[in-house]
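Novice: everything below, folded, please.
(2 chains)
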Amino acid sequence: MKPSLVINNPSKFSESVYTPSSELSQPGRLLANMWRDLLASRELAWRLMVRDISAHYRQSVFGFAWAFLPPIVMAAGFTLAGSAKVINIAQTPLPYAAYVMFSMILWQTFVEALNGPVSAVMNARQMLSRVNFPREAIVLGKLGEVGFNFGIKLVLIVAIFAWYQMPVTTAAFLAPVALLSLVLLGTFLGLLLAPLGVLYHDVTQGLTVLTGLWLFLTPIVYPVPQSGTFATIVKLNPVTPLLVTVRELATTGVVSQPGRFFVVTAITVVGLLLTWVVFRLAMPFAIERVSS
Amino acid sequence: MALETVNLEKISTVTASAAEADTLVSVEDVSKKFCRSLKRSMFYGLRDIGAELSGRSRHSDVLRSGEFWALNGLSFELQRGEALGLVGPNGAGKSTLLRLISGLIKPDTGTLRVRGRVAPLIALGAGFNPILTGRENIYVNMAILGLSRKEIDARFDEVVDFAEIGDALSAPVQTYSSGMAARLGFACAVLTDPDVLLVDEVLSVGDMKFRMKCLRHMGKLLERGTCFILVSHNPHAILTVCPRAIYISQGKVQAAGETASVLSHYEKDTLSTSYDDSNQPLRLPPKSPAESSGLDITSVCFRDEYGNNLGSPLSGKPASISVRCKTHKAMDGINLIVAISNLSLENERVLYLSSHYDGQPMSVVAGDVELQLDLPYCGLSAGLYSAKIVVTEQSVKTLDAVESFRFRVRSDTTAVQNLFYQPREWRVTSLSSDESN
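Specialist: Numbering: from 1, shown residues only, chains lettered A, B, ... in the order given. Here you go, the predicted structure:
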């Protein structure tokens, strides 16, 4: 005799309680929920990443070439301008074209991490306004995409090293750690803007303009300036120590700004954790204003 | 055999006690306010986020300028295995309520408690990417609804089967018909084995066969202990599935309880705004000789079997439609057409009666005449209807027409679950002693 009634196992029952009061009033519960959602979102994040990457490449003819083209075009342009003396660039520690290409790859990775949370939330608006899934998943999925894209660009980096016969030092093995810090800085700032981005379209537009300017305040097409107002601005730019450290670790092995690097990294990690809380608390209010 | 009986009893007592303890959804005095001005709504959003982050109260129980209560002090509970119908006019707050229960938005007053996995059928095909194949989208969609890879693997064949997409599984979803995509979305959501299922008007997708299949599956889920809330504009869908219903309007519960009575309350409210019996009989203004084509309809009404004026016919009882006309000359081969559509069911045509089709042309004399369509019993079920009435000559030349004669059919409550009135008798025939024949 097979029972026709199957009662679901009550142990998997988690009760969700929704009240008007701020989740901050119960910090213990908030932290527990954050941890639970982070764990729960890993698999979904993977799915979303696979979905976005395969959809992206399925609709593209040149596919991987798009990962290589921007740094190469940028390097070609600036090398041309430099050799024609249109612009005056000081001596870089690496062959100039290699310097620009490598720095551009790092910059692109940062920008992808910065735009990631905002575009993830924007693209998932419909989904967010209809299904209650761990919101962390879309951000993690985007982070995975950033990693995947960097993996492709790694091919170009290896090619640059081989072509210019640049030596690889033992310090290069620390470069990924510094790179992670760069990516987390982008995620931190992007995550802070994501709920705002749902409310105001100005955020996406502003980001595009901002990153265009920001590129030139970061030592990518020129070496780190040593004196003057511009040097101060570049120094105050939080991306500078991170990007420079990754570059130095990967190439010369001599780190010129270790202090700044650690300060910015510490701020990034603390900031990211706080922003995570902000993101969680702000999303319901942003979603409320998206039609389902 | 005895053992089986014991087992059965055991099971039923277990489920009974489990049901008592198992409140899956509890809504207590819940309110939600919205703002119609977009700019202001965005600004309030920012302020609310600010208050939320500072941990202060955001004084959500007071309306700010430009805000209104989309839901106001709603309370109800939903037990395991219960189905609740939710009816109300557009903008009554039905979707807001479903979004609150899914935890997508925060309430402004009150508390919501939800236990178990919620599958919102407001979200058909959430996260579908048109470029990807059906197979890939099943995995993504069910992952969004909270299933692990293993759980999806286990249900995959069932989903494909249920959605009836077969060969199209490896084709991009953008090549699917809208019905196929909706079926796939429905199958994904419904096969996640939810504890709470929120169904918002999605049963209107797909063909009749698929709709019946969905209803059957929902019945199965109910037996398994899923509870659900069904939002529909189709009262029959709610009647067949939900024993209990809530009628909300302007953010407040107007009626709650047994479905038939809630629905009749709802229908009374909606109909009273659009219809009342006092317009019967429908009188038409006289036509000038230039406009007239020889026969003018002057009034339309219902009559009972004694010829008295009848405001609204009663389902299952005799009624006749009387069409009074003024004729200028004697005519033969007059044809009366009565086409009735159901206003409660998306204007679906339910009857098309023509005296010509029935082979009963009528002859009229000059003067005032009354054309009558006698119905030995009114087969229409309760609801609001509109009749188009046309008088033609020789079935081709239209003499006059009434575009819409609106009327209401009443019913005694016992018939509320029937789509139409079935004349019937019950009896017993004894088969044991037929030798006497």
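Novice: tell me where the stretch 151-292 of chain A has strands.
Specialist: Shown for the stretch 151-292 of chain A, no strands are assigned by DSSP state E, counting those that start in this stretch.
Novice: for chain B, what are the nearby residues on it?
Specialist: Residues of the stretch 151-292 of chain A found near chain B (CB under 8 Å from any CB of the partner chain) are A:195, A:199-200, A:278, A:281-282, A:284-289, A:292. Where you see a C-beta, it was placed from the backbone N, CA and C, and this is true even at glycine.
Novice: tabulate the residues you listed in a markdown table, adding columns for neighbour count.
Specialist: Formatted as a markdown table, these follow (neighbours: other CB atoms under 10 Å in any protein chain shown):
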| residue | neighbour count |
| --- | --- |
| A:Pro195 | 26 |
| A:Leu199 | 20 |
| A:Tyr200 | 15 |
| A:Val278 | 17 |
| A:Leu281 | 20 |
| A:Ala282 | 24 |
| A:Pro284 | 23 |
| A:Phe285 | 23 |
| A:Ala286 | 26 |
| A:Ile287 | 23 |
| A:Glu288 | 22 |
| A:Arg289 | 18 |
| A:Ser292 | 21 |
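Novice: which one of the residues you listed sits closest to A:Ser227?
Specialist: A:Val278 (38.4 Å; CB to CB).
Novice: from the residues of the stretch 151-292 of chain A next to chain B, which has minimum pLDDT?
Specialist: When these are compared by pLDDT, A:Ser292 scores lowest at 56.
Novice: which outside residues touch the helix or strand hosting B:Gly85?
Specialist: Assigned by DSSP states H and E, B:Gly85 belongs to strand B:83-87. When contacts are defined by CB atoms under 8 Å, 6 or more residues apart in numbering or on different chains, strand B:83-87 is touched by residues B:76, B:78, B:94, B:97, B:218, B:222, B:227-233, B:235, B:238-239, B:241-248, B:259, B:262-263, B:266.
Novice: can you tell me which of those are buried?
Specialist: B:76, B:78, B:94, B:97, B:218, B:222, B:227-232, B:235, B:238-239, B:241-242, B:244-248, B:259, B:262-263, B:266 (16 or more other CB atoms under 10 Å in any protein chain shown).
Novice: for A:Phe279, see how far away whichever residue of the stretch 51-200 of chain A sits closest to chain B is.
Specialist: Nearest to chain B in the stretch 51-200 of chain A, going by CB to the nearest CB, is A:Arg130, at a distance of 3.7 Å. Relative to A:Phe279, A:Arg130 is positioned 19 Å away (CB to CB, to the nearest Å).
Novice: one more: A:Ala32?
Specialist: 17 Å.
Novice: residue ranges in the stretch 251-400 of chain B under the pLDDT threshold?
Specialist: Scanning the stretch 251-400 of chain B for pLDDT under 70 picks out B:270-280, B:345-346.
Novice: the helices in it, which residues?
Specialist: B:259-274 (DSSP state H, counting those that start in this stretch).
Novice: and the residue of it closest to chain A?
Specialist: B:Gly251 (15.5 Å).
Novice: so for chain A, the centremost residue is which one?
Specialist: In chain A, the centroid-proximal residue (CA atoms, centre = their mean) is A:Ala113; its distance is 1.4 Å.
Novice: residues touching that residue, list them.
Specialist: A:Leu143, A:Val146, A:Leu182, A:Val183, A:Leu184, A:Leu185, A:Gly186, A:Thr187, A:Gly190.
Novice: what of B:Asp332?
Specialist: B:Asp332 neighbours (CB under 8 Å, 6+ apart): B:Pro361, B:Ser363.
Novice: tell me which helix or strand the residue lying closest to A:Phe148 once chain neighbours are set aside sits in.
Specialist: Nearest non-adjacent residue to A:Phe148, counting by CB to CB, 6 or more residues apart in numbering or on different chains: A:Ile53, 5.9 Å away. Using DSSP H and E, A:Ile53 falls within helix A:27-58.
Novice: by contact count, what packs against that helix?
Specialist: helix A:136-163, helix A:258-288, helix B:134-144 (3 or more CB pairs under 8 Å, 6 or more residues apart in numbering or on different chains; DSSP states H and E).
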